[in-house]
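Student: no sequence for this one, just the structure:
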């Protein structure tokens, strides 16, 4: 599949590498292509390419938003709504705000970044997922407790959610994905960041995830 | 131990019953004592008593805030800061706001109800815990997966946190309690309510809890 990834940071590169290994044609979109020279050297596969935000979105039959949360709407606007229209847009971004010295969210409680993106791009099928785990876990859930922990998924389009659930199982080996329903449930998976940050401080690393014991 | 519980709802009654069974002298505080006649009949133990908010707080060497979140500060003000001074105040309340038809929190992200209570009662040792699970699970964690799931605890006083961790293990059988540090970490355990509400809708009941798989 042709997959576009808007973003060039750790999560974008980790997803890109994993998807190329699965045989997909992946284009990472960035404002600074030279920043990805090292990534291209590491992946060393002609199915991995780099372009602008717009080129990455145009390339993908499916598009990831793997930008920093604060830059998400600007980057997706640069990508162009016509390049997202009718496509599944997997949003893994985090509405983190470090501006006041302590971690807070720049949108929370009565709204979410996932909802803001869906509202800004009504013709895209926004599916929020993978945003509750570190990049290394996103693409390799079995590296932790044999995969016995949970991922969450939100989005207004039930078919799109089911399609993405299938991809996450097939591509990365996710075994348990809890379907929370419409995109407003992204408030829950974004607001959990406040707890994740404190758990991270307590356990001393990011190789952990939640399991819903029921 | 003499324990005061400010509040008379389901959580207050469930905690009160469990603590009386453990041999403690428990006084529930309420504005409407007759509402607790049925509870007294059920518990049927002279160690269970009912009084005003003030009488419950004065009675307890240790005090629970088990009020509805929106009424917490008013109820604790009625209980009286002199009746909380120097004591551990276990805050299990939830800052839930249903006023706009959908569940939101009336404080979140840059502050928390736990912090507001600590700030309003600086001489109390506020310890936030039990607020992420349903009342039945609070007092009986082993009823779910043999207790193999996690509770969180927050509070500025490390000795108070440790004392409460000991009580939670001894009274109810909690096995894994993750110490998140100072009371600002209550933002995390309060904000997780948005996710808990959606998971509740998905699994169809409240007999679940999170486990941090690491």
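Tutor: Sure thing, it's come through. These numbers were taken from a predicted model, which means no experiment stands behind them. Numbering: from 1, shown residues only, chains lettered A, B, ... in the order given.
Student: leaving out the residues flanking it, which one is nearest to the most centrally placed residue in chain A?
Tutor: Closest residue to the average C-alpha location of chain A: residue A:92 at 2.3 Å, with C-alpha atoms, centre = their mean. Excluding its sequence neighbours, the residue lying closest to residue A:92 (C-beta to C-beta, 6 or more residues apart in numbering or on different chains) is residue A:130, at 4.4 Å. For the C-beta atoms, the positions are set from N, CA and C on the backbone; glycine is no exception.
Student: for residue A:174, which non-adjacent residue is closest in space?
Tutor: What sits nearest to residue A:174 in space, not counting adjacent residues and going by C-beta to C-beta, 6+ apart, is residue A:168, at 4.3 Å.
Student: and that neighbour, how far from residue A:95?
Tutor: Distance of residue A:168 to residue A:95, computed by C-beta to C-beta, to the nearest Å: 22 Å.
Student: count the residues that sit near residue A:46.
Tutor: As a burial measure, residue A:46 scores 9 neighbours (other C-beta atoms under 10 Å in any protein chain shown).
Student: all helices of chain A, in order?
Tutor: A:10-21, A:37-43, A:53-59, A:72-79, A:113-120, A:135-138, A:158-172, A:186-191, A:193-203 (DSSP state H).
Student: what does the model give residue A:98 for pLDDT?
Tutor: Here the pLDDT value assigned to residue A:98 is 88.
Student: which of the residues in stretch A:122-130 are buried?
Tutor: Judged by neighbour count using 16 or more other C-beta atoms under 10 Å in any protein chain shown, the buried positions of stretch A:122-130 are A:124, A:125, A:126, A:127, A:128, A:129, A:130.
Student: and the last one, how far from chain B?
Tutor: In this view, residue A:130 and chain B are 15 Å apart by C-beta to the nearest C-beta, to the nearest Å.
Student: ok, now the third one?
Tutor: Remark: distance between residue A:126 and chain B (C-beta to the nearest C-beta) = 16 Å.
Student: so that residue sits against residue A:118, correct?
Tutor: Yes. In this structure residue A:126 lies within contact range of residue A:118 using C-beta atoms under 8 Å: 4.1 Å.
Student: leaving out sequence neighbours, find the closest residue to residue A:84.
Tutor: residue A:124 (4.1 Å).
Student: and that neighbour, backbone torsions?
Tutor: The phi/psi pair for residue A:124 (degrees, to the nearest 10) reads phi -90, psi 150.
Student: and it, what does it touch?
Tutor: Applying C-beta atoms under 8 Å, 6 or more residues apart in numbering or on different chains to residue A:124 gives the contacts A:63, A:81, A:84, A:85, A:86, A:87, A:88, A:89, A:117, A:118.
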